[in-house]
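Student: one predicted model, sequence on top.
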Amino acid sequence: MRKTVLLLNIGIFAVFVLSLRLGDQPIPYSQIIGVLTGDPDAAVAAQLIVLEVRLPRAILALLVGMALAVAGAIIQTVMRNPLAEPGLLGINSGGALAALILIVYFRNESAHLVPWAAFAGAFVMAAAIYGFSWRSGASPVRIILIGIGLGSMAGAGASFISAFGEIAVVQQAQVWLAGSVYNAGWDKVQVLAIWLVLPFVLTMAASRELDLLSFSEMSARSLGQRVEIARAVLILLCTMISGAAVAAAGLIGFIGLISPHVARRFVGHSHHRMVPVAALVGGFLVLTADLIGRTVMAPAQLPAGIVTAILGAPFFAFLLWERRYVRS
Amino acid sequence: MSVRDSENAVPLTARNLSAGYARKNILEHLDFEILHGRFTVLIGPNGCGKSTLLRALCNLMPVRDGSVLLDGCQISEFSTKEIARRVGVLAQGPVAPEGLTVQDLARQGRYPHRSLFGQWSDEDEIACRTALELTALTDLKDRAIDNLSGGQRQRAWIAMTLAQQTGILLLDEPTTYLDLAHQIEVLDLVQRLVREQQTTVVAVLHDINQAARYADHIVAMKDGRIAVQGSPEEVINKETIEAVFGVRVAIVTCPVDGAPLAIPLTGRQK
């Protein structure tokens, strides 16, 4: 565990430093250090680029990745389905739809309001999924099928808005929707951090409940767990985390799917180890995806969501291939 | 409680119990007492309500009518965790997440003993270690459950219920899908728990002859009711087996331990 965390931290640190250095205007390490240590002699341009553009962007990418990974870890366990992720359940698209409505129809892009809209959308979606699938205790398969259905409807709603909304606003929203941290600022970082603290702490406190939820329902109940309540609370936490991540960076796929798998490889199933490691993996992946996205085709910027999709789709295929002998 | 008192205690009782799924009642007005420190085996044809009875006895399914008493009190008055501290249940064909180790599984048995923020205590550690020792799994504790043999896997699940440290164990078909050697392995373990740990065990078994040889008390069920119950000698006879299973049998005495064995008659012999 310690070795894994150390390695991940080194990886994150390296990519983080590269994120500060690389871009249209590369900044030498000496200047980065100067800016970060508050050296008054540092060049104004370097100060502006590092402090106002690249640093908040890197931190935002890191936080978004952590959020997506934790949300994915929760949902994979609650659904008892290793292929689940908040995107699949339509929770993210619900959040995105609500945020899109706010941005396009109410012309409001405030960093404080968008997360509320996204959380509200994600929550309504999760509540709807749970409400529709409830029949003397909701079964995982039923929840997933209904989630996919409702998610498609939310996606259709988003397409409708994109097609008929005002072009300039829609175009800007589209970049955000594709999963990008391009317009990161300190206000966004702050809001996301505040949104994530409580759900992260609660998720860690509930790691034992998560451990038990991954068993068959009968086993969990016979050990004294109140399965429905635990499931509902954890889905609520997941929607808070997902909503905040979607509000900050739109739809970045596959992180919620990949990170928990990688974490389980490293530290096993126990959630009090798996969840924090998944968070580090997710942070590393989004940070890397964003760095690749904005450097590989520079000056054009590829949204991080597109990079994660390019990397994530083969991983999904790999998971399916690896599980080809697993009986359901 | 002294040993003498506890011998007469009835930890789990069903009174006029009816339970079932949807609109159908599986159990009909059933009365049933579980004897302390004994191995009780439920037998009966498929669908006769054995599993339903086991689930109703630990509050895993709602009771339609009548009541279940745990240590003399209504079971529905206990919290789910409190029930799990008193009654351990092994469901039929339980499923663990892929890659889970034996030790991780045993540790889950401590769930009902821990509060939301409670740390892993020495008591938890000792309970797990003892459970692994009793099931002879100490050497395999870091192995993944999916890599074990059927018998080892079943023992690992039993280790989890033992880590719960309950006085009562309810086992739903613990030997089904195991080969003969593994069946004996599991039944020997259960017998040892009853004899050496004074655990009260209720198990559903399909093999009448294994029931006759291992059980202290046999309950034969049919159509949601108890047909006959008593010692193996009282239950295993031609009339009862034919009435319960609809199969004609000859009864012989086991040459090893004198238990009554039922030999089904085939084809021409009928």
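Tutor: Nice, I can see it. Numbers count the residues shown, from 1 in each chain, chains lettered A, B, ... in the order given.

Student: residues of chain B that sit close to chain A?
Tutor: B:58, B:60, B:79-85, B:88-91, B:94-101, B:104, B:108-109, B:111-112, B:114, B:116-117, B:164 (CB under 8 Å from any CB of the partner chain). Every C-beta, even on glycine, is put in place using the N, C-alpha and C of the backbone.

Student: how about low-confidence regions in chain B?
Tutor: Screening chain B residue by residue with the criterion pLDDT under 70, one finds the ranges B:1-8, B:270.

Student: one more time with 50
Tutor: Under the criterion of pLDDT under 50, the regions of chain B flagged as low confidence span B:1-7.

Student: equivalent analysis for chain A, please.
Tutor: A:327-328.

Student: who in it is up against chain B?
Tutor: Counting by CB under 8 Å from any CB, the residues of chain A near chain B are A:80, A:82, A:205-206, A:208, A:211-212, A:214-216, A:218-219, A:221-226, A:264, A:268-270, A:326.

Student: would you mind checking those residues for buried ones?
Tutor: A:80, A:82, A:206, A:208, A:211-212, A:214-216, A:218-219, A:221-225, A:264, A:268-270 (16 or more other CB atoms under 10 Å in any protein chain shown).

Student: how about B:A136, secondary structure?
Tutor: When classified by DSSP: H, G, I helix; E, B strand; the rest coil, B:A136 comes out as coil.

Student: and the nearest residue to it once chain neighbours are set aside, its phi and psi?
Tutor: Beyond its immediate neighbours in the sequence, the residue positioned closest to B:A136 (CB to CB, 6 or more residues apart in numbering or on different chains) is B:R155, lying 7.2 Å away. Its backbone dihedrals place B:R155 at phi -60, psi -40, with angles given as degrees, to the nearest 10.

Student: and stretch A:171-190, how far out from the chain middle?
Tutor: If you compare the mean C-alpha spot of stretch A:171-190 with that of the full chain, they lie 13 Å apart, counting by CA atoms, centre = their mean, to the nearest Å.

Student: brain fart, stretch A:255-263
Tutor: Centre to centre, stretch against its chain (CA atoms, centre = their mean), the figure for stretch A:255-263 is 11 Å.

Student: pull the CA atoms of it into CSV?
Tutor: As requested, the backbone C-alpha atoms of stretch A:255-263 are provided in CSV (Å, rounded to 0.1, in the frame of the first residue of the first chain):
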residue,chain,number,x,y,z
ILE,A,255,-12.0,7.5,-15.3
GLY,A,256,-14.7,6.2,-13.0
LEU,A,257,-14.4,2.8,-14.7
ILE,A,258,-10.6,2.5,-14.9
SER,A,259,-9.4,3.9,-11.6
PRO,A,260,-11.1,1.5,-9.2
HIS,A,261,-9.9,-1.5,-11.3
VAL,A,262,-6.3,-0.2,-11.3
ALA,A,263,-6.6,0.4,-7.5
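
Student: helices - which of the residues of chain B next to chain A land there?
Tutor: Cross-referencing these against helices under DSSP state H gives B:80-85, B:104, B:108.

Student: how far away is the closest residue to chain A within the stretch 101-250 of chain B from A:L198?
Tutor: Using CB to the nearest CB, the point where the stretch 101-250 of chain B gets nearest to chain A is B:P112, with a distance of 3.9 Å. Between B:P112 and A:L198 the distance, using CB to CB, to the nearest Å, works out to 27 Å.

Student: which one's more surrounded, those two?
Tutor: Looking at B:P112 and A:L198 with other CB atoms under 10 Å in any protein chain shown, you find the greater number of neighbours at B:P112, namely 23 against 12.

Student: the more buried one contacts B:Q164, doesn't it?
Tutor: Yes: counting by CB atoms under 8 Å, B:Q164 is a contact partner of B:P112 at 6.4 Å.

Student: okay, and the common contacts of the two?
Tutor: Taking CB atoms under 8 Å, 6 or more residues apart in numbering or on different chains as the contact rule, the neighbours common to B:P112 and B:Q164 are A:223, B:84-85.

Student: need those residues in CSV (columns: distance to B:V249).
Tutor: Listed next are the shared contacts of B:P112 and B:Q164 as CSV, based on distance: CB to CB, whole Å:
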residue, distance to B:V249
A:L223, 39
B:A84, 39
B:R85, 42
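
Student: where's B:I26, which helix or strand?
Tutor: If you go by DSSP states H and E, B:I26 is part of strand B:24-34.

Student: packing partners of that strand?
Tutor: In this structure, strand B:24-34 packs against strand B:12-21, helix B:50-57, strand B:63-70, strand B:225-230, with contacts taken as 3 or more CB pairs under 8 Å, 6 or more residues apart in numbering or on different chains; DSSP states H and E.

Student: what element comes up after the shortest one heading to the C-terminus?
Tutor: So that's strand B:225-230. Using DSSP H and E, the helix or strand that follows strand B:225-230 towards the C-terminus is helix B:232-235.

Student: can you point out the buried residues in that following helix?
Tutor: Under the neighbour-count rule (16+ other CB under 10 Å), helix B:232-235 has B:232, B:235 buried.

Student: what comes up buried for the next helix or strand after that helix?
Tutor: Reading on from helix B:232-235 to the C-terminus, the next helix or strand found by DSSP H and E is helix B:238-245. Taking 16+ other CB under 10 Å as the basis for neighbour counts, the residues of helix B:238-245 that come out buried are B:240-241, B:244-245.

Student: tell me which of the helices and strands packed on strand B:24-34 is the most buried.
Tutor: Looking across the helices and strands packed on strand B:24-34 with neighbours counted as mean count of other CB atoms under 10 Å in any protein chain shown, the highest average goes to helix B:50-57: a mean of 24.

Student: and the angle from it to strand B:225-230?
Tutor: Orientation check (axes from the mean of the first three to the mean of the last three CA atoms, to 10 degrees): helix B:50-57 against strand B:225-230 gives 90 degrees.

Student: what packs against helix B:50-57?
Tutor: Contact here means 3+ CB pairs under 8 Å, 6+ apart; on that basis helix B:50-57 packs against strand B:12-21, strand B:24-34, strand B:39-43, strand B:63-70, strand B:87-90, strand B:200-204.

Student: which residues touch whichever residue of the stretch 51-200 of chain B sits closest to chain A?
Tutor: Each residue of the stretch 51-200 of chain B has a distance to chain A, by CB to the nearest CB, and the smallest belongs to B:A84, at 3.1 Å. Counting by CB under 8 Å, 6+ apart, B:A84 makes contact with A:222-224, B:111-112, B:164, B:166.

Student: in TSV, list those along with distance to A:L7.
Tutor: Rendered in TSV, the data for those read as follows (distance: CB to CB, whole Å):
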residue	distance to A:L7
A:S222	39
A:L223	34
A:G224	38
B:Y111	32
B:P112	37
B:Q164	37
B:T166	42
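
Student: are any of the ones in helices among the residues of chain B next to chain A buried, and which?
Tutor: When these are checked for burial by 16+ other CB under 10 Å, the buried set is B:80-81, B:83-85, B:104, B:108.

Student: what's the farthest-apart pair in those residues?
Tutor: With distance counted by CB to CB, no two of those lie farther apart than B:I83 and B:D104, which are 23.1 Å apart.

Student: spatially nearest residue to whichever residue of the stretch 151-300 of chain A sits closest to chain B (excluding sequence neighbours)?
Tutor: For the stretch 151-300 of chain A and chain B, the shortest gap (CB to the nearest CB) falls at A:G224, measuring 3.1 Å. Of all residues beyond its chain neighbours, the one nearest A:G224 is B:A84 (3.1 Å), with distances taken as CB to CB, 6+ apart.
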